[in-house]
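S.K.: Structure for the following, please:
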Amino acid sequence: MTILVVSGTGTEIGKTVVTAAVAAAARGRRVAVLKPAQTGLAPGEPGDAAEVARLAGGQVTAVELARFPEPLAPATAARRAGLPPVRPSEVAEAAEKLAAEHDLVLVEGAGGLLVRFDDDGGTLADAARLLSAPVLVVAPAGLGTLNATALTAEALRNRGLGCRGVVIGSMPGEPDLASRCNVEDLPVAAGAPLLGAVPAGAGSLTAADFATRSASWLAPELGGTWAPPRY
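M.R.: Numbering: from 1, shown residues only. Below you'll find the predicted structure:
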């Protein structure tokens, strides 16, 4: 696995922190993180790729292809800013170049799998198809996540894309009934294994603590030691 695409079932669910955990768990490997489109930030503000590099520590190469100031879908944000959009072919080309010099390239999407990158309807799924890369799905812990995860997994299957697995992006310290049940039900909804659960608030840890603890949040398939708890 040289290129892994990381997509959420929605926005603000811990996708960047999960990407950082995967990068941190890949100890001893040359890792790059590619953010095709960063929205909602002004020039000079640290974006998601920089945050992954900060949390993961070590020598993580952070690359951002485009930045648009308004917190909108990339296609909309690009159009409103009067800037050229990022197209799936550009994402694939950038990822392949990084893969030539790194052992692992993590391509972090914006929001969900089918959010539009351009006005022609290009999406992260199209970039994954061009790369023939598996997709890691980041999902919320609680009520409503099963439907969103099932829809994302169905979209992947319909496009002939492989789902590497699911990671819970922000697991509460004291999970409610739905969150506890979803540990067992998410793999069924996704048709793919549950590969980890990152605790809520992990992004506020120091880089040293994050790097030390990240392996305990991810399953062995992602370089960690995590196993699904039994509630």
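
S.K.: Let me see the contact set for Gly109.
M.R.: 5-8, 15, 36, 115, 124 (CB atoms under 8 Å, 6 or more residues apart in numbering). To be clear about C-beta, it is placed using only N, CA and C from the backbone, and glycine gets the same treatment.

S.K.: mind running it again at 10 Å?
M.R.: 5-8, 11, 15, 19, 35-37, 48, 74, 91, 115, 117, 123-125, 127-128, 135, 138 (CB atoms under 10 Å, 6 or more residues apart in numbering).

S.K.: cool, and Val17?
M.R.: 48, 51-52, 55, 138, 167, 169-170, 198-205, 210, 214, 217.

S.K.: which stretches of the chain have low pLDDT?
M.R.: 1 (pLDDT under 70).

S.K.: Let's see that with 90 instead.
M.R.: Scanning the chain for pLDDT under 90 picks out the ranges 1, 27-28, 42-44, 57-59, 111, 230-231.

S.K.: Do you have the strands of it handy? List them.
M.R.: In the chain, the strands defined using DSSP state E lie at 3-8, 31-39, 60-68, 104-112, 135-139, 163-171, 194-199.

S.K.: hey, which of the ones you listed is tucked in deepest?
M.R.: With neighbours defined as mean count of other CB atoms under 10 Å, the strands of the chain peak in mean count at strand 135-139, which reaches a mean of 28.

S.K.: Relative to Thr123, how far out is the residue lying farthest from the centre of the chain?
M.R.: Here the chain reaches farthest from its C-alpha mean at Gly82, the gap being 27.1 Å by CA atoms, centre = their mean. Taken as CB to CB, to the nearest Å, the spacing of Gly82 relative to Thr123 amounts to 22 Å.

S.K.: Now do the helices for the protein: every range, in order, please.
M.R.: For the chain, helices defined by DSSP state H occupy the ranges 15-25, 48-56, 74-81, 88-99, 124-131, 145-158, 177-190, 207-213.

S.K.: Any chance of the strands of the chain in TSV with distance to Gly223 as columns?
M.R.: TSV is the format used below for the strands of the chain (distance: least, CB to CB, whole Å):
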stretch	distance to Gly223
strand 3-8	11
strand 31-39	11
strand 60-68	14
strand 104-112	9
strand 135-139	12
strand 163-171	12
strand 194-199	10
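
S.K.: Those strands: which one's closest to Ser179?
M.R.: strand 163-171 (7.0 Å; CB to CB).

S.K.: So which elements touch the closest one?
M.R.: Under the contact criterion of 3 or more CB pairs under 10 Å, 6 or more residues apart in numbering; DSSP states H and E, strand 163-171 touches strand 3-8, helix 15-25, strand 135-139, helix 145-158, helix 177-190, strand 194-199.
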